[in-house]
Every structure is written in structure tokens, then in C-alpha cells.
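Enquirer: pasting the structure only:
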């Protein structure tokens, strides 16, 4: 019995593990797997080519001048059905490119840099790789490894053009990841390629490239910094549609583009590389970061201070306006993986307890879990024409937003601060999140305000029938007489 052995690659981009591309070593060591005859043939062929070209560098010209090399690489890295075949092509090409860099005196007679040559061939297959899923893992892994080699293609105009093309692909790519557990392999490969390409540039070439990639179009750039900040990392506009070129899905998917930890880290690292390259890009990153880093009190501390101020104002029958902190807290519905997590596997999303509103959270989730009531609330369309300022103080609008998040959000919970501000008590004051209230009294106030909002609308009957009832008064008189 023959033991078949293949070598594992360090730093491979795979859907199951986070990429580690910091080491350009082509192999970690052998591991035992069952390889098909085709994979064995490819493995031994690539090993033989590597050994021959190392022994006689002039033979490398024969390999590079082979007419069928572009098609062979395309098939071996993107279309080969067996992953072991793709890995062996990756190992072989990288070994030849890595061991034949110009600094090695043995190969000075070779007039062309193999790393640049192979990278140029691979970039021709980029449009095909962007439309694939996991089968492009080895392609992007080799692409990133080659661009990290000394004196790579980044010293040529072709490399600059390739970076611009990949930046445009990132900008035009739709949303593919649905949850944190998904991973957009082509997008990850593009992010890693640009990051390491920038790290392999120096001086004016690095500054020019960072400006060309990072600055907005109004300043002559591609706008990659805005793309990374808004659509890849912090976008919470749920009208985003993943139907752009390069997207593998045509259904509506919630933003941002980068949901998995690996992709979010890759996007952050690329932002760091862009900001290090030129002061103008660094200043742009600083401006965009300001809204995410507020000095002074935290949002919760500001909200508590506002509530205390409201208590003092009630003594003179005045209610303080909604502060900027409250408005900021309402944006906590944006996607923040690893901090708030995503909804449970059972499919439910909850409500955040802001202090002493357990009575509110429990009651509202009971209402939400009543299908007819929930559907009627979401179907209400009587306040679609409100301005953004009016929506902040609209009881019905905030109720719909809360129910929509409980139904559609991928987050583990929703912050109901907007609803707490919009719903008023008997005295016209917003809910005090730090004061416990009677649940039955809350339900009475809630249903009264709800009935006033939906009266005369198309959802009045469904809501009334769901929780409505009829009082029957019966009078019993002496002699057995009765009346209703």
C-alpha cells in the first residue's frame, strides 16, 4: 500500500479559517491525505519542474515561454474540481517564483522576473475569480503571496493599474455575506492583495498610489476610503441590494459588506495601510473616524444625565428636548459583530434593557409574538410623510421600527431608546428608563395611544379584534327580572 502525501500551505485563504499571510514559506510540512491519481501527477510534475529549474535556471525560460501556460494556470487554480490539484499548482508556481528572485546570483542570467510574470498571468483571470466562491481560494492565496515578494510587480505601471482595477472591483462588488459565519472569499482576496501591495511600495510611488486609491472621486481618486468606511464596515442602510457585478446573490441582504471577523479585520488593515501612505488619506480617515470616537461621557451616561434633567424640569411642568446623545443611541442598530453579537440560532432577537424597563421589554415582545398584531403594526402607513425630526417623536413610527428590527435584524438585540422617547405617559413625559413602572398601567397607556393612532386606518379592525372585547352589563332585579 502506497501512502500518498501532500503538503499543506501556510497562510491559505480558506472559508473555514482566518488567513495568515504573514509568512511566505510555501509549506508547513507534509500531512497525510488521500490524493487522487490526478493530484499525484500534478504534485510530482510541479516538484520536478521546480527541481529542474533550480538546477538549471535557463530551463525557466522554457517554462515561461510555454504557449499553453496561461490556460494551464487558469484551469489549475480556478477550474480544477479537486482542491488538492489547485493546491499543488499553487505550491509549484510559488516555489519557482520565490526561488528565482533577482537577488539570487545563480539566476541573474534569467532576463525576466518569474514572480512578475506569473502575477501578470494571474491578473488576467481576476474577472473569473470574482464570480466564484470557495474554488478561488488558491488563486487569491497565490496572488497575495506573489505580490509580497521583493521587487514585485508593484515597481511597474502594470502593478499600479492592477491595484486600481482591484479597488474598482471592491467598490462595485455587491453584498455577499449574509451573516458573520459567511465569508466572501473574492472580496477577502482583493482586500489582502491591496494591503500587501501597498506595503511593498515606497516613497513617492506609495504616496501617489494611496491618493489614487483612497481619495474621493472629486479629488481624482477612486474613493476606496469612503467605500471601506461606509459600505464595508459601518453601513446600516438596509436598502442595499446585493445585485452588483461580482455578487453571488441577487436577493436583498443587510449591510455592511464585511460581516465576518476576517473581512472586517482585512478592511481595517487596508485602511491603516492607506493612511500610512499619504497625509491627505490619513486626514480623510481621521475625519471619518470622528463620529465613532466621542470624547467625554458615554452615550449611556449622557442619557442618564438627560433623564435626571427631565425630572427636575417636571417640577416646573417643562420637558427638556431630546438630546443629541439620545439620537446617537438610536443608531445602535448598526452592525457591530463581536460586540453585541447576532441573533440566536433559534431565530429570535431581543430588546436591550436600558435600566428598569423589563416591564416594557416583556410586554412589547409579547405583543410582537402575536402574528396578527405584529403584521397590522408593520402594515400601518399613516405616517410615511413625516420628516426625520417628526419621526423621532412619532409613537407609531418608533413602534414600527422596533418591530421591524425584531423581525429582520441580524443583531442579538435592539435598543428601544427611540420608542421610550416617543411614548408619553399620562402627563406627556417620555418613559423614564431608570424608573420601574406597573406593567398593567403601561399596557393601558400603550393601547390608548395605539388606538388613537390607528383610528380610521386600514389596520384599525385587525388591532381592535386582536385585543378588543365587549362589555356586557346585566341587571338582576327582585322577582327574577333581568335586563342587559
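Expert: Right, received. Where do you want to start? Keep in mind it's a predicted model, so treat the numbers as computed, not measured. Numbers count the residues shown, from 1 in each chain.

Enquirer: if I pick residue 181, what's in contact with it?
Expert: residue 260 (Cβ atoms under 8 Å, 6 or more residues apart in numbering). All C-beta spots, glycine's among them, are computed from the backbone N, C-alpha and C.

Enquirer: Distance check, it against residue 397.
Expert: 33 Å (Cβ to Cβ, to the nearest Å).

Enquirer: Likewise for residue 83?
Expert: Here the criterion is Cβ to Cβ. By it, residue 83 lies 51 Å from residue 397.

Enquirer: between these two, who's got more neighbours?
Expert: Neighbour count, other Cβ atoms under 10 Å: between residue 83 and residue 397, residue 397 has more, with 21 against 14.

Enquirer: Now for that one: which residues touch it?
Expert: 383, 386, 391, 422.

Enquirer: Assign the nearest residue to the last one once chain neighbours are set aside to helix, strand or coil.
Expert: It stands for residue 422. Closest residue to residue 422 apart from its sequence neighbours, by Cβ to Cβ, 6 or more residues apart in numbering: residue 398 at 4.1 Å. Three-state call for residue 398 (DSSP: H, G, I helix; E, B strand; the rest coil): helix.

Enquirer: cool, residue 437 as well?
Expert: Applying three-state DSSP: residue 437 is coil.

Enquirer: How about the contacts made by it?
Expert: The contact partners of residue 437, by Cβ under 8 Å, 6+ apart, come to 356, 359-360, 431.

Enquirer: go on, residue 431?
Expert: Residue 431 sits next to 357, 360, 420-421, 423, 425, 437 when contact means Cβ under 8 Å, 6+ apart.

Enquirer: could you redo the last one with a cut-off of 6 Å?
Expert: Counting by Cβ atoms under 6 Å, 6 or more residues apart in numbering, residue 431 touches 420, 423.

Enquirer: Got phi/psi on it?
Expert: phi -70, psi 130 (degrees, to the nearest 10).

Enquirer: show me where pLDDT drops low in this structure?
Expert: 1-35, 99-111, 151-152, 236-252, 293-347, 482-484 (pLDDT under 70).

Enquirer: related to what we said a few turns ago, quick one: the residue nearest to residue 422 from residue 424, how far?
Expert: For residue 398, the distance to residue 424 (Cβ to Cβ) stands at 12 Å.

Enquirer: Compare the two and say which is more crowded by neighbours.
Expert: Applying other Cβ under 10 Å to residue 398 and residue 424 shows that residue 398 carries more neighbours, namely 21 against 15.

Enquirer: Show me which residues of stretch 129-146 are buried.
Expert: Of the residues in stretch 129-146, 129-130, 132, 135-146 count as buried by neighbour count, 16 or more other Cβ atoms under 10 Å.

Enquirer: now swap in stretch 388-395 and tell me
Expert: Applying 16+ other Cβ under 10 Å to stretch 388-395 flags 391-395 as buried.

Enquirer: Over to stretch 40-47?
Expert: Counting neighbours by 16+ other Cβ under 10 Å, one finds that the buried residues in stretch 40-47 are 40, 42-43, 46.

Enquirer: Let me have those in TSV, extended by distance to residue 370 and secondary structure.
Expert: Formatted as TSV, the buried residues of stretch 40-47 follow (distance: Cβ to Cβ, whole Å; DSSP: H, G, I helix; E, B strand; the rest coil):
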residue	distance to residue 370	secondary structure
40	62	helix
42	61	helix
43	62	helix
46	64	helix
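
Enquirer: all strands for this protein, in order.
Expert: Remark: strands assigned in the chain by DSSP state E are 5-8, 29-32, 350-351, 413-414, 475-476, 482-483.

Enquirer: so what strands line up beside the fourth one?
Expert: The partner list of strand 413-414 in its sheet, established with DSSP bridges, is strand 350-351 (parallel).

Enquirer: Hmm, residue 277 is touching residue 212, no?
Expert: No. Taking Cβ atoms under 6 Å as the definition, residue 277 is not a contact partner of residue 212, at 10.3 Å.

Enquirer: Between these two, which has more neighbouring residues?
Expert: With neighbours defined as other Cβ under 10 Å, residue 277 and residue 212 compare such that residue 277 has more, 23 against 17.

Enquirer: Could you measure from the more buried one over to residue 219?
Expert: 15 Å.

Enquirer: Residue 419 too?
Expert: 41 Å.

Enquirer: go on, residue 439?
Expert: Distance, residue 439 to residue 219, by Cβ to Cβ: 56 Å.

Enquirer: same thing with residue 56?
Expert: 52 Å.

Enquirer: For residue 51, grab the count of nearby residues.
Expert: 11.

Enquirer: nope, residue 71 is what I was after
Expert: Residues near residue 71, counting by other Cβ under 10 Å, number 12.

Enquirer: now do residue 225
Expert: Residue 225, neighbours per other Cβ under 10 Å, totals 24.

Enquirer: cool, residue 460 as well?
Expert: Residue 460 has 15 nearby residues by other Cβ under 10 Å.

Enquirer: List the residues that contact it.
Expert: residue 454.

Enquirer: next one: residue 440
Expert: Residue 440 touches nothing, counting by Cβ under 6 Å, 6+ apart.

Enquirer: Mind doing that once more with 10 Å?
Expert: Applying Cβ atoms under 10 Å, 6 or more residues apart in numbering to residue 440 gives the contacts 359, 363.

Enquirer: do you know how far the closest residue in space to residue 223 that isn't next to it in sequence is from residue 437?
Expert: Spatial nearest neighbour of residue 223, excluding adjacent residues (Cβ to Cβ, 6+ apart): residue 216 at 4.7 Å. Plainly put, residue 216 is 49 Å away from residue 437 if you go by Cβ to Cβ.
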